[in-house]
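Trainee: Can you look at this prediction? I've put the sequence above it.
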Amino acid sequence: MNSLRGRTGETSMQRRALLAATALMPFAARAQGFTPQNPECIAPAAPGGGFDLTCRLTTRMLNETGIVTQPIRTQNMPGGIGAVAINHINAQRRTDANVIVAVSTGSWVNMAQGRFGRFAENDVRWIGAIGADYGVIAVRRDSRFTNLGELMAALRADPASVPMGAGGAVGSQDWHKAALIARAAGADPRRMRYVPFEGGGQSMAALLGGHIQVFPGDASEVRGQFEAGEIRLLAVLSAQRLPGALAQVPTAREQGVEVDWPIVRGFYGPPQMPDAAYNFWVDAIRRLQANPAWPEARSAQGLFEFNLVGAEYAELAKRRTAEFRQLAREVGLVTQTQ
Amino acid sequence: MMETFAALGGGFAVALQPTNLFLALIGCIIGTAIGVLPGIGPLNAIALLLPFCLALKLPPESALILLAAVYYGSGYGGRITAILLNMPGEPSAVLTTLDGHPLAKQGRGGAALAISGIGSFVGATIAVVLMSFLSVPLARVAVAFSPADYVALIAFALSLLGAVGGGSAPKAWAAGCLGILLAMVGIDSGTGVERYTAGSMELLGGLDFTVLAIGLFAIGEILLLIETRIRAEAAKLGHGQRLTFGEILFCLPAMFRATGIGFVIGVLPGAGASVASALSYTAEKRLNENTGKFGQGDMRGVAAPETADNAAQIGNLVPMLSLGIPGSGTTAVLLGALLMYNITPGPLLFEQKPDVAWGLIASMYIGNCMLLLLNLPLVGIFARLLTVPAWVLYPGVLALSFAGVYAASNSAFDLLLAIGFGIMGWAFRKLDVPLVPIILGFVLGRMLEDNLRRAMSLSDGDVMALVASPVSIALWVMTLGALLWPLLARRRAA
């Protein structure tokens, strides 16, 4: 698993600082004597989705390993793709020390487009990431494209000549993968032919059925098709190659395309969560990441290692959101005024 | 063929282990229960059970047997409240209210429950047999179904709206259009624009089916009952009018047709049990235009949608198991369960994990027998629900409905929304506006819009792409036929 370190694009310096901090933090946190009471994890979606799994499996692991002794309850709060949860936190529980909320790269996209009302990346306390999935560029096994360069050339010649489709709307995190590739090819993302489907499964069906030519999906959801030889992966959108079955797939960077797409899953807390509580939760996630039982539980969620907590995680969240805001403005996405 | 039998034999060896038999039974019971309860669907139940399976360290095949039993068991439960109380417990049971509730009012609620249970069993079992032998080729055909083909299929289903309205066709069409409009609420997936949200954040994700159905059917029905002071209109317990063997035989052809329709629709990753039950109901109604008394309590009107519903549910598992492609939210969660056991769902599942794939299929043969045996004796008990005094029954139903809405969303806003739809449902009942087309319009409207846009986007706006394949042409011809049929029939009658 060590081979996975540093794939996040963060510098190893940061990691070493982080590791040093790991050694000191537990005592610091415990010294301040925060004990959670009726702790709660909010999954801002209905049961069964990614947020729900993030909450349920992480809290189960936190309890099973004894890192948090009080049982953590998972509460589902669907509504407005996460908007209801962030508004609930900001309106009613600004100082709550006992609540964490599941969050992902998709939420950053929504924040960047102003979909969470007046609340965005500065209205929460970023606790930590528990792992990441990575974007991939998938084509059918008999596709005319054999590498990323050929796809980019086709996009450059005529962005509308390559029908692409994935599980999210225009402007969603799935769409961003396609848009970033198109932009890197020098094509206008507005002119590409992107077709939104209902979830990754239907997109894969459309790819296998030949209705779309390119499916910018996620590594965890295409693995089965890839191993069976049904599809070809032109690139993984990670800084370094992924472990396991996907190790033979080159990264976009290797092919000269500077596009990364980690789908980072993690947690935030209320904007005025007391420092003692914030440190407790940051430390809890950090200790979970160091626990020997964690890698297996993490891969069960389809997640690769992505250990980033506290200030570094906050920095990533804010930097990414700013980038998405920039891209949205650039390609003229419909955004809500704040 | 022989290989399949051998593999299936191996599957039965797995499924017949005592633990797995027990888990299948538990799953069937939970499934029936959540089918009865409004609001809580199989998706929620499976997502909530999954961590338990992991915590209990169940092997993957056992976990899948349990979770799948909850899934197909739910197809048996939705009909109970639909028939007895005119309140469908799940989307695909909406059609069952049309004839099931009139039967209950005639005192034949028990018979309707029994025929729907038998229909569910027939549909599911034939579907499992088809799945055992034809899974892979079927799934290959299913992915070839293009967005344009889906447009034609959904248009065909919508063209039958006039037939599910009871009396007035214009009212049925208006109700269907209202349903389509309600489906437009929320963020538009094509552009990211908000539609009809009135600045409300709760509406960004669109309206929830549960909220709409509970409002229109459960709350609307109760409001009407309050107003009419629960006069003789309410369903009553029948005496001595049990389902006869002759009636079962009478319904068998309808069940076989419904199995075919349900299974084919279910295998398509982009359609679902609601489409299947709507198509099979209207098919029966059209086929038996002169002999049937559809809408007033025809046994076939109960048997057909329930059979199709269960056949479609099993069909939905075909692309999931053979290609690793989930056709619905619930099958996506089942796939997620595999992932959690470090099993990669995909075309290699049957080769790499035969115990899991064939064990699951074998357990479905057993599970459906269990469900039939569970359900038939319970018919009497369920029907007895109607002997509960109304002042206990209806407040209880209302409380359960609200609990269901709240459990699914944790949102007080959804409760208010359900009450709003309840008032709408009450008003529409008084105006004789049928409610089933609203639900169908709602379910089909979004599918129609999404697929139409996909098709247009893929063809670069060329409308001719909608009639480019033989399948779509055939479906459009049937759509035209369905639209013109009432006119022709009227002329002939005149």
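Mentor: On my side now, so go ahead. Numbering: from 1, shown residues only, chains lettered A, B, ... in the order given.
Trainee: Would you mind pulling up the elements that the helix or strand where B:Gly75 lies packs against?
Mentor: Using DSSP states H and E, B:Gly75 maps to helix B:60-85. Where contact means 3 or more C-beta pairs under 8 Å, 6 or more residues apart in numbering or on different chains; DSSP states H and E, helix B:60-85 is packed against helix B:18-36, helix B:42-55, helix B:96-105, helix B:109-143, helix B:299-323, helix B:329-340, helix B:354-383, helix B:390-409. (C-beta placed from N, C-alpha, C; glycine too.)
Trainee: winner for burial among those?
Mentor: helix B:299-323 (a mean of 31; mean count of other C-beta atoms under 10 Å in any protein chain shown).
Trainee: got the helices and strands packed on helix B:60-85 as JSON lines, with distance to chain A columns?
Mentor: Shown next, in JSON lines, are the helices and strands packed on helix B:60-85 (distance: least, C-beta to the nearest C-beta, whole Å):
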{"stretch": "helix B:18-36", "distance to chain A": "12"}
{"stretch": "helix B:42-55", "distance to chain A": "4"}
{"stretch": "helix B:96-105", "distance to chain A": "25"}
{"stretch": "helix B:109-143", "distance to chain A": "4"}
{"stretch": "helix B:299-323", "distance to chain A": "7"}
{"stretch": "helix B:329-340", "distance to chain A": "4"}
{"stretch": "helix B:354-383", "distance to chain A": "13"}
{"stretch": "helix B:390-409", "distance to chain A": "6"}
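Trainee: Could you dump these into a markdown table with distance to B:Gly266 and mean pLDDT added?
Mentor: Output for the helices and strands packed on helix B:60-85, formatted as a markdown table (distance: least, C-beta to C-beta, whole Å; pLDDT from 0 to 100):
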| stretch | distance to B:Gly266 | mean pLDDT |
| --- | --- | --- |
| helix B:18-36 | 17 | 91 |
| helix B:42-55 | 14 | 82 |
| helix B:96-105 | 17 | 90 |
| helix B:109-143 | 7 | 91 |
| helix B:299-323 | 2 | 92 |
| helix B:329-340 | 10 | 82 |
| helix B:354-383 | 13 | 90 |
| helix B:390-409 | 24 | 82 |
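Trainee: Tabulate the ones you listed (CSV), appending distance to A:Ala245.
Mentor: Shown next, in CSV, are these (distance: least, C-beta to C-beta, whole Å):
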stretch, distance to A:Ala245
helix B:18-36, 29
helix B:42-55, 23
helix B:96-105, 45
helix B:109-143, 22
helix B:299-323, 17
helix B:329-340, 13
helix B:354-383, 18
helix B:390-409, 36
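Trainee: Nearest to B:Ala474, out of those helices?
Mentor: Among the helices and strands packed on helix B:60-85, helix B:109-143 comes nearest to B:Ala474, with 14.7 Å by C-beta to C-beta.
Trainee: if we can go back for a sec, nearest to A:Gly199 among the helices and strands packed on helix B:60-85 would be which one?
Mentor: Each of the helices and strands packed on helix B:60-85 has some distance to A:Gly199 by C-beta to C-beta; the shortest is helix B:329-340, at 6.3 Å.
Trainee: And the next helix or strand past the closest one?
Mentor: On the C-terminal side of helix B:329-340, the closest following helix or strand by DSSP H and E is helix B:349-352.
Trainee: phi, psi of the closest residue to chain B within chain A?
Mentor: Chain B sits closest to A:Gly224 of chain A, with a gap of 2.1 Å, by C-beta to the nearest C-beta. Main-chain torsions, A:Gly224, degrees, to the nearest 10: phi -60, psi -50.
Trainee: Please name the residues that touch it.
Mentor: B:Gly324, B:Thr344, B:Pro345, B:Gly346, B:Pro347, B:Leu348, B:Leu349 (C-beta atoms under 8 Å, 6 or more residues apart in numbering or on different chains).
Trainee: And the pLDDT for it?
Mentor: pLDDT, A:Gly224: 85.
Trainee: again, but for A:Gly48
Mentor: 69.
Trainee: B:Gly246 now?
Mentor: Confidence at B:Gly246, expressed as pLDDT, is 89.
Trainee: ok so it is a helix residue?
Mentor: Yes: using DSSP: H, G, I helix; E, B strand; the rest coil, the secondary structure at B:Gly246 is a helix.
Trainee: So for the contacts of A:Gly224, which is the shakiest by pLDDT?
Mentor: B:Thr344 (76).
Trainee: Double-check A:Gly332 against A:Pro189; I have them as touching.
Mentor: No: the criterion here is C-beta atoms under 8 Å, and A:Gly332 misses it with A:Pro189 at 9.4 Å.
Trainee: Which one of these two is surrounded by more residues?
Mentor: Comparing A:Gly332 with A:Pro189 by other C-beta atoms under 10 Å in any protein chain shown, the one with more neighbours is A:Pro189, at 23 against 10.
Trainee: gap between that one and B:Thr81?
Mentor: 49 Å (C-beta to C-beta, to the nearest Å).
Trainee: go on, B:Val122?
Mentor: Note on B:Val122: its distance to B:Thr81, by C-beta to C-beta, is 22 Å.
Trainee: how about B:Glu289, what does it touch?
Mentor: Neighbours of B:Glu289 in contact, by C-beta under 8 Å, 6+ apart: B:Ala489.
Trainee: Name the SS class of it, please.
Mentor: Strictly by three-state DSSP, B:Glu289 counts as coil.
Trainee: per-residue confidence at it?
Mentor: According to the per-residue confidence, B:Glu289 scores 75 in pLDDT.
Trainee: Check A:Gln14 too.
Mentor: At A:Gln14, the predicted lDDT confidence score is 45.
Trainee: A:Thr95 - how many residues pack around it?
Mentor: Neighbours of A:Thr95 (other C-beta under 10 Å): 10.
Trainee: how about the spatially closest residue to it that is not a sequence neighbour, phi and psi?
Mentor: Of all residues not flanking A:Thr95 in the chain, A:Gln272 sits nearest, at 4.5 Å (C-beta to C-beta, 6 or more residues apart in numbering or on different chains). Note on A:Gln272: its backbone torsions stand at phi -110, psi 30 [degrees, to the nearest 10].
Trainee: residues near A:Gln272, how many?
Mentor: Neighbours around A:Gln272, by other C-beta under 10 Å: 13.
Trainee: Go ahead and confirm it touches A:Arg93.
Mentor: No: assessed by C-beta under 8 Å, A:Gln272 is found out of contact with A:Arg93, at 9.4 Å.
Trainee: Count the neighbours of residue 56 for me.
Mentor: You didn't pick a chain, so chain A it is. 23.
Trainee: nope, chain B please
Mentor: 10.
Trainee: Around chain B, which positions in the stretch 151-300 of chain A sit nearby?
Mentor: A:160, A:163, A:165, A:168-172, A:193-199, A:201-202, A:204-206, A:208-212, A:220, A:223-225, A:227-228, A:230, A:245, A:296, A:299-300 (C-beta under 8 Å from any C-beta of the partner chain).
Trainee: ok, and what's touching stretch B:437-449?
Mentor: B:91, B:94, B:150-151, B:154-155, B:157-158, B:161, B:164-165, B:172-173, B:175-184, B:206-207, B:209, B:212-213, B:216, B:270-272, B:274-275, B:278, B:428.
Trainee: quick one: it to chain centroid distance?
Mentor: Distance of stretch B:437-449 from the chain centroid (C-alpha atoms, centre = their mean, to the nearest Å) equals 14 Å.
Trainee: what bits of the stretch 151-300 of chain A have low per-residue confidence?
Mentor: Judged against pLDDT under 70, the stretch 151-300 of chain A has no low-scoring part.
Trainee: Helices of that one, residue ranges please.
Mentor: A:173-184, A:199-208, A:219-227, A:275-290, A:294-300 (DSSP state H, counting those that start in this stretch).
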